[in-house]
Structures are given as structure tokens and as C-alpha cells.
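Trainee: Provide a 3D model corresponding to the input given below.
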Amino acid sequence: MRGMLAALCLSALLLIASSVSAVGGAQYSVGTSEEVPTSHLLESHEHITESSYQDYPTAMRELMIGNIDFFLTSHLIAADPANSENTPGLSVVGMVEETESYVPVARIDSSEDRGNTELLDAINAALAELVWSNSLSEKYSTWFLGETELDSSDYEDYIGEWPVPTEGTLYEIIDNKRELVVCMYNQQSPLSRQDGSAEFYGFEADIADMVAKRIESHYEVTIAFRPHDSGGEFEAIEDLKRGDTCSYIMASITPQKAISKGLRGGLPYHLDGIVLMASGESPNLQTVQHLFMSEQDNKSREFDQRWIAITLLSLFIAYQLVRRD
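Mentor: Numbering: from 1, shown residues only. The predicted structure is shown next:
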């Protein structure tokens, strides 16, 4: 009996001490810039102090020297290595809010224009293989900081789902050696750029080329593949609709935009959104989501963990003291 009372007293003392040590919780300072609206992600979190800057280069410098803990900005700003050339040591922690996904876009089949669904199905099968083999993530690392946010489990159902060409666009490419042409344009970002000779390079150009090679490999044919410079998004859509310029589009178009233009989108090859940047001076976070956990959430989780540990410790102490009694 004396052993049990001693164990309970010790448990109470440990619980009080742990509760006192947990008071206060973690406080973070997070930078934002005027180019990208992100305040809505912070305003409901009392443990986060927002520091607003006029532009992202200023915010990134403040992050680098440790004046702020983290920086919220768009993926295209954070993940472009050119934007952090003067602020070494910065990294992308992860995606906070997904805003857009970019997909290959094809025409919708009609009585006069068939085989586009088959072509998009073949592109989807190729993309699924690229994601599952980590080939896409490896290529992503060539052009961006951080890691791709694509989830390979979302592509599982498309592995091996290659269509049998029957007629129209895909049939003409596979059986009649018609060119596979992808409409693109210079976005002046890691997604797509043009060099002095107007050749495309960047993430989208590489993925389009890898898709063409996967289609070649599966159907055991040689495909004449080339990108076409449409000059802009509107022009790329019009080029595809005409049907005489390109087979599909890979130019940072969302599924919603494709539908609104009477076209059809495939599987995502890239996700865009708001990401969290950190520096060597930043506090450690287990995940991006831990930044936004309220103090009460943290206390509740810590409290539950303490109770489990204290209960086990109490049982052990009681057992040892009862044996002595």
C-alpha cells in the first residue's frame, strides 16, 4: 500500500513538472512578400508572427541571416535555383497549400478527329511509369530545389494501362510514322526556357521527351518527336485546337483551364502552390504541418504522451515497491 501511494505521488509531481515546462509553446516568425498573398495561412495562428516584405529577394535575405524563422512564397519563386543564388543555404521544407496542378492537354475525340483519348491514355501510362520509377523526381531535382510533391500512389492504377491504337491521332503516330509534336512556349522559368538557337530546355521539355521515349519503348517503334514554339498559352491552345500543328500541349495548363477551352487534361506532372522555405538558422520542424499546429494541439499531444509514460513508470515503481513490502 505504501508503495502504491508513493508511486501516485511521484506521478503527480512528474505531471506537474511536465506541464510547467510545456507552458509557452513554440513561437515562430514567418516572412511573406507582396508578390504572393499568403497572409490567410497565418492569420488564425497566434503562435506565428508575420513579417511582411515588399519583395521576395528582401525576405530571402532576412531568412538567410536569421531575422525570420521561415518564409512563405510560391513554389516557382522558392524552387527556382536562380532566385537563391545570392542567398545560399536556403531550402524548401515542403508544400503548405497546393493551388494548381499542371497536366498534358489533348483534344477531345469527335467524329472527324479520333484517337486523341488514346494518345492521352498513352501519355498517362508513360507519366505513371516515370513517377513510379522515380525518373520524374530525378529530373525534377535537375531544375528545382526540394522534392516533387507528386504522390506515386495516385498513379498506381495507370501503370501498364497502355491503349491499343485503333484510328486517328495515336494510330497515325505509331503505325503511320506521323510526328509527335508537343506545343510549348518560353515561360522563362525552370519549367521551360529557350536558348539562343530557340531550342527548348527545362522540366517540361525533359518530361515531354521522356514521355515520347516511353511511348517508343512500349510500342517498339521509332517516333519523330519535337516541341513546337507556340509563343504563349493562348496560342498553344489555338494551335492544338486547329489540329494541324501539334498533338498535345505541355505548357503549365491546369485541368480546369483545359476543360474551359473544350480540351481534356491528363495526369499531373507538376504541382504548384505555396511552400515553406527555411535556412540553416531556422528551428527544426518534423513536417511543414507542425508549423501550423496550435499551442493547444501541441499541449494536448504532449499531455497524452506524458500520461502514457507516467502510467507505465507508475506501474513499474509500484511493482518494485510492492515486492519490497
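Trainee: which residues sit in contact with Glu149?
Mentor: Glu149 is in contact with Gly94, Met95, Glu98, Leu271, Gly273, counting by C-beta atoms under 8 Å, 6 or more residues apart in numbering. All C-beta atoms are positioned from the backbone trio N, CA, C, and that covers glycine.
Trainee: where in the stretch 151-300 of the chain is pLDDT low?
Mentor: For the stretch 151-300 of the chain, the stretches flagged by pLDDT under 70 are 294-300.
Trainee: where exactly do the strands run in it?
Mentor: Along the stretch 151-300 of the chain, the stretches classed as strands by DSSP state E, counting those that start in this stretch are 180-184, 193-194, 200-201, 225-229, 248-249, 263-265, 270-278.
Trainee: which other helices and strands contact the fifth one?
Mentor: Meaning strand 248-249. Contacts defined by 3 or more C-beta pairs under 8 Å, 6 or more residues apart in numbering; DSSP states H and E place strand 248-249 against strand 105-107, helix 116-132, strand 180-184, helix 233-242.
Trainee: packing partners for the shortest one?
Mentor: Here strand 105-107 is seen to pack against helix 116-132, helix 233-242, strand 248-249, strand 263-265 when contacts are counted using 3+ C-beta pairs under 8 Å, 6+ apart.
Trainee: I'd like those laid out as a markdown table, including mean neighbour count and distance to Thr73.
Mentor: Formatted as a markdown table, those follow (neighbours: other C-beta atoms under 10 Å; distance: least, C-beta to C-beta, whole Å):
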| stretch | mean neighbour count | distance to Thr73 |
| --- | --- | --- |
| helix 116-132 | 23 | 26 |
| helix 233-242 | 18 | 23 |
| strand 248-249 | 27 | 27 |
| strand 263-265 | 20 | 26 |
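Trainee: Which of the three states applies to the spatially most central residue of the chain?
Mentor: What sits nearest the mean C-alpha location of the chain, by C-alpha atoms, centre = their mean, is Glu149, with 2.7 Å. At Glu149 the chain is in coil, as set by DSSP: H, G, I helix; E, B strand; the rest coil.
Trainee: Just the pLDDT at it, thanks.
Mentor: If you check Glu149, the pLDDT there is 93.
Trainee: Tell me how far it lies from Thr117.
Mentor: Look at Glu149 and Thr117: by C-beta to C-beta, to the nearest Å, they are 27 Å apart.
Trainee: Tell me how the chain divides into domains.
Mentor: Split into domains by automatic domain parsing, the chain comes to 1-25+294-325, 27-99+273-282, 104-266.
Trainee: Relative to Val288, which of these is closest?
Mentor: Closest of the domains of the chain to Val288 is domain 27-99+273-282, at 4.1 Å (criterion: C-beta to C-beta).
Trainee: Need the distance between the two termini of the closest one.
Mentor: Its start and end residues considered, domain 27-99+273-282 measures 12 Å (C-alpha to C-alpha, to the nearest Å).
Trainee: what about the longest strand in this structure?
Mentor: Using DSSP state E, we find that the single longest strand of the chain is strand 91-102.
Trainee: what sits up against that one?
Mentor: 41, 70, 72, 75, 78-79, 145-147, 149, 191, 204, 252-255, 268-279, 285, 287-288, 292.
Trainee: isn't Glu235 right next to Tyr185, touching?
Mentor: Yes - taking contacts as C-beta atoms under 8 Å, Glu235 lies within contact range of Tyr185: 7.1 Å.
Trainee: How much space separates the residue nearest to the centre of the chain from Ser189?
Mentor: For Glu149, the distance to Ser189 - C-beta to C-beta - is 17 Å.
Trainee: Ile237 now?
Mentor: 19 Å.
Trainee: got it, and Glu35?
Mentor: Taken as C-beta to C-beta, the span from Glu35 to Ser189 is 14 Å.
Trainee: Compare those two (neighbour count), which wins?
Mentor: Taking other C-beta atoms under 10 Å, Glu35 and Ser189 do not tie; Ser189 has more neighbours (19 against 14).
Trainee: ok, now which ones touch the more buried one?
Mentor: Leu76, Asp80, Gly202.
Trainee: Not counting its neighbours along the chain, what's nearest Pro190?
Mentor: Leaving out its chain neighbours, the residue that sits closest to Pro190 by C-beta to C-beta, 6 or more residues apart in numbering is Trp143, at 3.9 Å.
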